[in-house]
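Trainee: dropping the sequence and predicted coords here.
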Amino acid sequence: MRSVKIFVSSILLIAFLPFCKTLYQPTTVQFKDYRITKGQPVNDDISKLLQPYADSVNKNMNDIIAVASMPLEKKQPEGTLGNVLADAMLAVGKENYHIDIDASFINFGGIRLPSIAAGNISRGKIFELAPFDNIIVLLHVKGNVLMELLNIIAKKGGWPCAGISFQIKNKAAVNVKIGDKALQENVDYRIAILDYVANGGDDCEMLKQIPQLNNGLLFRDAVLNYFSKINSEGKKISSVIQNRISNVQ
């Protein structure tokens, strides 16, 4: 049923694109199964039929869902934008799955904007930030497998994460702590990660064989829910560098 909804939504979005003033779509696509053919003539009758829906889409995308008290930036090994998004992933993941989660990770390329300016944050901005339908999945991993993941992250310069901290030395992860405890290779950990990575993306082939807990929670929806909740409490979105990941000699 979810696949049908996504397919129908995709058709509607493609139909709306010629009439929307602002396009909420990525310039590149992770998947090879679909493509949008541009330059097709638009029927005037269809245009008139779809215009009210296009207006509704634009209005919905312009809705203000939160306010940032400061500029949020995507940086490596750690950035304020990545921190708040990883926090959103961890918090909403726990609420949605009703399971305790030790740590969350977002591949650096999964965040499609370099920054969010201080001030109002619209729904459309979150769609620009996370245009792909990436799902937050949970993996049950041994400490040694988690260490493999951290070494890949270290080699790539650092990814947004929450619930965990480590340092990068000679492109490897050292001094790893889950919460306030040192990582142990034989201990089981539960992590939240995007399905793209869990399915082997970004050189994470070792994760492909690990069973996934997947209830269809979109990363984008998690961010929207997290930001909206903070806004409903009369608070603004903010973030600080906490040395979740840092470089050492």
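Mentor: Everything's here; your move.
Trainee: ramachandran coordinates for the residue positioned nearest the centre of the chain?
Mentor: Among the residues of the chain, the one closest to the centroid is Phe219, at 4.5 Å (CA atoms, centre = their mean). Backbone torsions of Phe219, given as degrees, to the nearest 10, read phi -60, psi -40.
Trainee: try Ala66
Mentor: Recorded main-chain torsions at Ala66 are phi -170, psi 170, according to degrees, to the nearest 10.
Trainee: what about it, neighbour count?
Mentor: Burial of Ala66, expressed as a neighbour count using other CB atoms under 10 Å, amounts to 23. Any C-beta I mention is one placed from the backbone N, CA and C, and that applies to glycine too.
Trainee: wait, it sits on Glu233?
Mentor: No - with contact defined as CB atoms under 8 Å, Ala66 does not reach Glu233; the gap is 10.5 Å.
Trainee: pretty sure the residue nearest to the centre of the chain contacts Phe127?
Mentor: No - judged on CB under 8 Å, Phe219 makes no contact with Phe127 at a distance of 11.6 Å.
Trainee: what stretches of the chain score poorly on pLDDT?
Mentor: 1-59 (pLDDT under 70).
Trainee: domains of it?
Mentor: With automatic domain parsing as the criterion, the domains of the chain are listed as 2-62, 75-247.
Trainee: which one of the ones you listed is the most hemmed in?
Mentor: Looking across the domains of the chain with neighbours counted as mean count of other CB atoms under 10 Å, the highest average goes to domain 75-247: a mean of 18.
Trainee: and it, end to end?
Mentor: For domain 75-247, the first and last residues are 13 Å from each other (CA to CA, to the nearest Å).
Trainee: centre of the chain to it, how far?
Mentor: The gap between where domain 75-247 is centred and where its chain is centred comes out at 8 Å by CA atoms, centre = their mean, to the nearest Å.
Trainee: can you show me the helices along the protein?
Mentor: Using DSSP state H, the helices of the chain run over residues 2-16, 44-61, 80-97, 123-129, 143-155, 195-198, 219-232.
Trainee: related to what we said a few turns ago, which ones are touching the residue nearest to the centre of the chain?
Mentor: Going by CB atoms under 8 Å, 6 or more residues apart in numbering, Phe219 touches Met89, Ile106, Gly110, Ala130, Asn134, Ile135, Ile136, Leu194.
Trainee: can I get those residues in a markdown table including distance to Gly158?
Mentor: Conversion of the contacts of Phe219 to a markdown table gives the following (distance: CB to CB, whole Å):
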| residue | distance to Gly158 |
| --- | --- |
| Met89 | 16 |
| Ile106 | 11 |
| Gly110 | 13 |
| Ala130 | 19 |
| Asn134 | 19 |
| Ile135 | 23 |
| Ile136 | 20 |
| Leu194 | 16 |
